[in-house]
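In: Could you work out the structure for the sequence below:
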Amino acid sequence: MRSIPVQDALGMLLCHDITSIVPGEFKGRAFKKGHVIQDQDISALLDMGKEHIYVLDLGPGDIHEDDAAIRIARAAAGPGIDLSETSEGRVNLMAGAAGLLKINTKALFRINAIEEVVFATLHTDQAVAAKCPVAGTRIIPLMTREEKIKQVESICLQDYPVVEIKPFRSLQVGIVTTGSEVFHGRITDKFGPVLREKFAGLGSTVMDQVLVSDDVAMTVGAIQSFIEHGAGLVAVTGGMSVDPDDQTPAAIRATGARVVSYGAPAFPGAMFMLAYLGDVPIIGLPGCVMYFKASIFELIVPRILAGETIQREDIVALGHGGFCASCATCHYPQCGFGKG
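Out: Modelled structure (predicted):
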């Protein structure tokens, strides 16, 4: 790489982006790679403190930062991922549609172990909106040896995909709300509206909500009825504590469902239950789901809607990161909750 005085650069091609920083106002690309230096650019470059521009002479086996970033991003991107254009040597990976972000963290570690290559992502297993940036990659210098990029491409081929978005299935959801106080109209149910909003935000629809007393047989009948009428998921609310009068866990077991877990290392959400009756998940939701923006619901339900079958070890793994700091203002998912 050699430098040329800006005053002598008229008509030359920039070999890299040039960033402008105006404190408190702007930081971004002022000139794009490939831009042809014009008369009016000379003064602007000097104002930015750029007395020289650099010409990059690539030798055999060398690769420019932009080309390197594009190749890394293309190799790592799986289904549901769109790529940005290069900017300042970086390519971002973005969600092509709403869904569950999945990161192959072992492959990501191997990629970042290659000197001069950097690849950063959001945490895996979180719901993301369409067009959300989920990762970014680049090399550190203006150019690198192509062998390093081939190493990255080899890792991505072995562990494909490194980054993907699993689309959410649109399920019909049945809600069974337990509790004699709600069933007899002594108090108004507040779970239903919250769950309708949460499921709608993930692309699913509540087909109906049934109120039952604390009678186990009545709860079992309501769960089974929903499944017989096509529910792809049944959410049971109320009665999830260990109080003797709380019979919801017993009712879920009495359906004959295979219980994955009763209890989860997550606060809020410890009294959560997950079971499967055939292929249909049944979730027992504790009361905290009504009151917290982020709870066990946000950690598990998106994965179910993305088609994953949750295992006991998935629940156990929630312990690292499963403690909510109870911030005065909840900023989830821009926080560490559920991100082990």
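In: shaky segments in the protein?
Out: 1, 34, 55-57, 242-246 (pLDDT under 70).
In: for it, what spans make up the helices?
Out: 39-47, 65-76, 105-112, 146-158, 180-183, 191-201, 216-228, 248-254, 288-291, 296-305, 312-316 (DSSP state H).
In: and those as TSV, adding mean neighbour count and distance to V91?
Out: Backbone N, C-alpha and C define where each C-beta goes, glycine included. Output for the helices of the chain, formatted as TSV (neighbours: other CB atoms under 10 Å; distance: least, CB to CB, whole Å):
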stretch	mean neighbour count	distance to V91
helix 39-47	13	25
helix 65-76	23	4
helix 105-112	16	14
helix 146-158	16	13
helix 180-183	16	52
helix 191-201	17	29
helix 216-228	19	45
helix 248-254	20	46
helix 288-291	18	38
helix 296-305	24	26
helix 312-316	14	31
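In: right, and the ones you listed - which one's nearest D82?
Out: Nearest to D82, of all the helices of the chain, is helix 65-76, at 10.1 Å by CB to CB.
In: Could you tell me how far that closest one lies from the centre of the chain?
Out: Distance, stretch centre to chain centre, for helix 65-76: 21 Å (CA atoms, centre = their mean, to the nearest Å).
In: by contact count, what packs against that helix?
Out: strand 81-83, strand 91-95, helix 105-112, strand 117-121, strand 133-139, strand 143-145, helix 146-158 (3 or more CB pairs under 8 Å, 6 or more residues apart in numbering; DSSP states H and E).
In: Adding distance to Y276, write the helices of the chain out as TSV.
Out: Shown next, in TSV, are those (distance: least, CB to CB, whole Å):
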stretch	distance to Y276
helix 39-47	63
helix 65-76	33
helix 105-112	26
helix 146-158	32
helix 180-183	26
helix 191-201	18
helix 216-228	11
helix 248-254	10
helix 288-291	20
helix 296-305	10
helix 312-316	12
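In: so which of the helices and strands packed on helix 65-76 comes closest to A127?
Out: That would be, of those and by CB to CB, strand 91-95, which comes in at 9.8 Å.
In: Nearest approach to R196 belongs to which of the helices and strands packed on helix 65-76?
Out: strand 91-95 (24.2 Å).
In: Who are the packing partners of the closest one?
Out: helix 65-76, strand 81-83, strand 133-139.
In: tilt between the first one and strand 91-95?
Out: Taking axes from the mean of the first three to the mean of the last three CA atoms, to 10 degrees, one finds that helix 65-76 is oriented at 30 degrees with respect to strand 91-95.
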